[in-house]
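Participant: no sequence on this one, just coordinates:
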């Protein structure tokens, strides 16, 4: 199993909307490195859902339900989408400030490549965020 983090501006698509919908197509990625991460995702992989810009915090965890396929929002075969569903909410959202201050998280791609919208996490990074956030199954 692999672990990932995806970012969304809560004003565009929030964690609460994701939970309400019960699923999502993760589309609109237009960065080659982020696209390659989408292509590496496998069914069952777990994904941290991060609110960017205004909140800057991990809010919950999703799971990949469909591996990459052509992004239907654009007529260009270079871009792909994946499907995911929500599986855990975090009782305590894990803020960017907390991530930066935590020794086990200070080297994450979120810190090193802050503008990237899709990125891998190590198992230790993923588990640490679960601990800090006190994950609760939906």
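Facilitator: Noted; the coordinates are in hand. Worth saying up front: this structure is predicted, and the values here are computed from it rather than measured.
Participant: let me know the next secondary structure element after the strand or helix carrying residue 82.
Facilitator: According to DSSP states H and E, residue 82 maps onto strand 80-95. Remark: after strand 80-95, the chain's next helix or strand is helix 96-101, criterion DSSP H and E.
Participant: which parts of that next one are buried?
Facilitator: 96, 98, 99 (16 or more other CB atoms under 10 Å). For the C-beta atoms, the positions are set from N, CA and C on the backbone; glycine is no exception.
Participant: in this protein, which spans are helices?
Facilitator: Under the criterion DSSP state H, helices of the chain are mapped to 15-21, 32-40, 96-101, 109-112, 123-133.
Participant: and the first one, what does it pack onto?
Facilitator: To tie it back to what came earlier, the one meant is helix 15-21. In terms of contacts (3 or more CB pairs under 8 Å, 6 or more residues apart in numbering; DSSP states H and E), helix 15-21 is packed against strand 46-51, strand 57-70, strand 80-95.
Participant: which residues sit against that helix?
Facilitator: Contact with helix 15-21 is made by 24, 49, 51, 59, 60, 62, 86, 89, 138, as judged by CB atoms under 8 Å, 6 or more residues apart in numbering.
Participant: okay, the buried residues of helix 96-101 in a markdown table with pLDDT and distance to residue 28 next?
Facilitator: Listed next are the buried residues of helix 96-101 as a markdown table, based on pLDDT from 0 to 100; distance: CB to CB, whole Å:
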| residue | pLDDT | distance to residue 28 |
| --- | --- | --- |
| 96 | 97 | 22 |
| 98 | 97 | 27 |
| 99 | 97 | 24 |
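Participant: which phi and psi does residue 27 have?
Facilitator: The phi/psi pair for residue 27 (degrees, to the nearest 10) reads phi -130, psi -180.
Participant: which residues does the closest residue to it other than its chain neighbours bridge with?
Facilitator: Residue nearest to residue 27 in three dimensions, not counting chain neighbours: residue 81, with 3.9 Å by CB to CB, 6 or more residues apart in numbering. Counting by DSSP bridges, residue 81 is bridged to residue 69.
Participant: any idea how far residue 21 is from residue 81?
Facilitator: As judged by CB to CB, to the nearest Å, residue 81 and residue 21 stand 15 Å apart.
Participant: which of these two has more neighbours?
Facilitator: Comparing residue 81 with residue 21 by other CB atoms under 10 Å, the one with more neighbours is residue 81, at 20 against 12.
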